[in-house]
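Participant: Next come a sequence and a model predicted from it.
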Amino acid sequence: MTGGEDKNANNLFFLCSLIEYIGRKTKNHRNVIVNAIGKNNLLHIFDLADIYHSENMDKLTAEIVEKYNIKDGVFDNISNANYSIPTHWDIGKVYKRLIIAVSKREEKPLIDALIEVYNLWLSRKIEDFNSSVYYENPEYLFQSYIAGENL
């Protein structure tokens with residue numbers, strides 16, 4: 001354990017923040033990034049996150065975009081935001097908490113839970129910075145996941 005969280009939680013936080021960063025740079029919904037990278041490669045990045053976190057985020061993003069042939073999209077939740085924009089680290093934390101809760105509830109590996117969460121309707125709500133969903137209580141997000149709708 002380092003910094004109060006175990007290595008898996010820290011690695012997941014980095015991976016989710018990286019997904020958010022790539023999504024912003026390429027103007028893609030976050031599930032597009034997750035699906036382009038794929039399960040095995042997500043697992044690889046997750047396993048090496050403690051090394052990758054010391055890399056320059058723009059350099060790492062450029063390498064991933066090229067390696068996994070991620071094309072520019074048209075989803076721009078940054079320019080369209082009417083309010084204060086959360087950082088990619090803020091959103092990484094939101095996803096990390098939700099993914100850990102889903103992983104525990106469904107008894108599935110973190111990467112499987114990550115793929116599920118990013119491909120849910122709830123991900124589209126989180127990435128809408130004009131709504132309040134991304135800064136809701138983590139338990140609210142988890143209960144919304146269970147219910148299959150915003151509560």
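Facilitator: Perfect, thanks for sending it. Numbering: from 1, shown residues only.

Participant: burial measure for the closest residue to Asp128 other than its chain neighbours, as a count.
Facilitator: Of all residues not flanking Asp128 in the chain, Asn77 sits nearest, at 6.6 Å (CB to CB, 6 or more residues apart in numbering). C-beta here means a position set from N, CA and C on the backbone, and glycine is covered the same way. A count of nearby residues for Asn77, using other CB atoms under 10 Å, gives 20.

Participant: Wait, Asn77 touches Glu127, no?
Facilitator: Yes - Asn77 lies in contact with Glu127 (CB atoms under 8 Å); the separation is 5.5 Å.

Participant: does Ser84 count as helix, strand or coil?
Facilitator: coil (DSSP: H, G, I helix; E, B strand; the rest coil).

Participant: Can you give me the pLDDT of it?
Facilitator: The per-residue pLDDT reported for Ser84 equals 86.

Participant: helix or strand for the closest residue to Lys7 other than its chain neighbours, which one?
Facilitator: Leaving aside its sequence neighbours, Lys7 sits nearest to Asp50 (CB to CB, 6+ apart; 6.8 Å). Using DSSP states H and E, Asp50 maps to helix 49-52.

Participant: Which elements pack onto that helix?
Facilitator: For helix 49-52, the packing partners by 3 or more CB pairs under 8 Å, 6 or more residues apart in numbering; DSSP states H and E come out as helix 7-26.

Participant: Tell me the first helix or strand C-terminal of the helix it packs on.
Facilitator: By DSSP H and E, the next helix or strand past helix 7-26 is helix 30-37.

Participant: Would you pull up how far the next helix or strand after that following helix lies from the middle of the chain?
Facilitator: Heading C-terminal from helix 30-37, the first helix or strand you meet, by DSSP H and E, is helix 39-47. Taking CA atoms, centre = their mean, to the nearest Å, the mean C-alpha location of helix 39-47 is offset from the chain mean by 13 Å.
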